[in-house]
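[1] quick check, what structure comes out for this input:
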Amino acid sequence: MTLEEVVGSSSADKKMETVSQALEELLVAAQRQDCLTVGVYESAKLMNVDPDSVVLCVLATDEEDEDDIALQIHFTLLQAFCCDNDINILRVSGVRRLAQLLEEEPKDGNGNEPRDLHCILVTNPPVQPLQCQALQDVGSFCEESRCRNQWVPCLELQDR
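    Residues are numbered from 1 along each chain as shown. As a prediction, the model looks like this:
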């Protein structure tokens, strides 16, 4: 390994960690302001009705989801729609970390199943827009990735 590869690798790792932290901050802030849509079906409905309000689409999977053909088909359709409508997309591994961030319980007191965290949309309503540095950081990361022809960048959220 050359020095450039070592330094470049280290700085790329730090960048990914910074963007992961920004994504976590963004999701928590968006949830507080009621700017999150959670679930594949719910997300598809919102994007059909009001795609202009969506600023980020987070597609989350873990290793056990990789063989779920139906989920992969949904993701492909959502990604195509996002590309057509200039919506930033992130592919994320770490569904358990998302559940921690969004304070999801495995089952609630009534025995209801938890929300489907495989697709999360962040919306930015024009009336009260999200004023969040994390949104800018994540958006910049997505834009930089597109400039490198990586249309759906991937991040790994670490359990804590």
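[2] residue ranges with poor pLDDT in this protein?
    1-12, 105-112, 128 (pLDDT under 70).
[3] for stretch 43-56, C-alpha coordinates in PDB please.
    What follows is stretch 43-56, C-alpha atoms only, in PDB (Å, rounded to 0.1, in the frame of the first residue of the first chain):
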ATOM      1  CA  SER A  43     -43.100   6.100   1.200                       C
ATOM      2  CA  ALA A  44     -44.400   5.100  -2.300                       C
ATOM      3  CA  LYS A  45     -47.800   6.700  -1.500                       C
ATOM      4  CA  LEU A  46     -46.100  10.000  -0.400                       C
ATOM      5  CA  MET A  47     -43.800  10.100  -3.400                       C
ATOM      6  CA  ASN A  48     -46.800   9.600  -5.800                       C
ATOM      7  CA  VAL A  49     -48.700  12.400  -4.200                       C
ATOM      8  CA  ASP A  50     -46.000  15.000  -3.300                       C
ATOM      9  CA  PRO A  51     -42.500  14.100  -4.600                       C
ATOM     10  CA  ASP A  52     -41.400  17.700  -4.400                       C
ATOM     11  CA  SER A  53     -41.500  17.700  -0.600                       C
ATOM     12  CA  VAL A  54     -39.100  14.700  -0.300                       C
ATOM     13  CA  VAL A  55     -35.400  15.600   0.100                       C
ATOM     14  CA  LEU A  56     -33.900  12.200   1.100                       C
END
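[4] give me the element the residue nearest the centre of the chain is part of.
    Of all residues in the chain, the one closest to the mean position by C-alpha atoms, centre = their mean is Val58, 2.3 Å from it. Using DSSP states H and E, Val58 sits within strand 54-61.
[5] partner strands of that strand, with direction?
    strand 88-93 (parallel), strand 119-123 (antiparallel) (DSSP bridges).
[6] next, the angle strand 88-93 makes with the helix or strand that comes right after that strand.
    Moving toward the C-terminus from strand 54-61, the first helix or strand encountered (DSSP H and E) is helix 69-84. Between helix 69-84 and strand 88-93, the angle comes out at 150 degrees (axes from the mean of the first three to the mean of the last three C-alpha atoms, to 10 degrees).
[7] quick one: list the elements packing against helix 69-84.
    helix 40-49, strand 54-61, strand 88-93, strand 119-123 (3 or more C-beta pairs under 8 Å, 6 or more residues apart in numbering; DSSP states H and E). Using the backbone N, CA and C atoms, a C-beta is placed for each residue, glycine as well.
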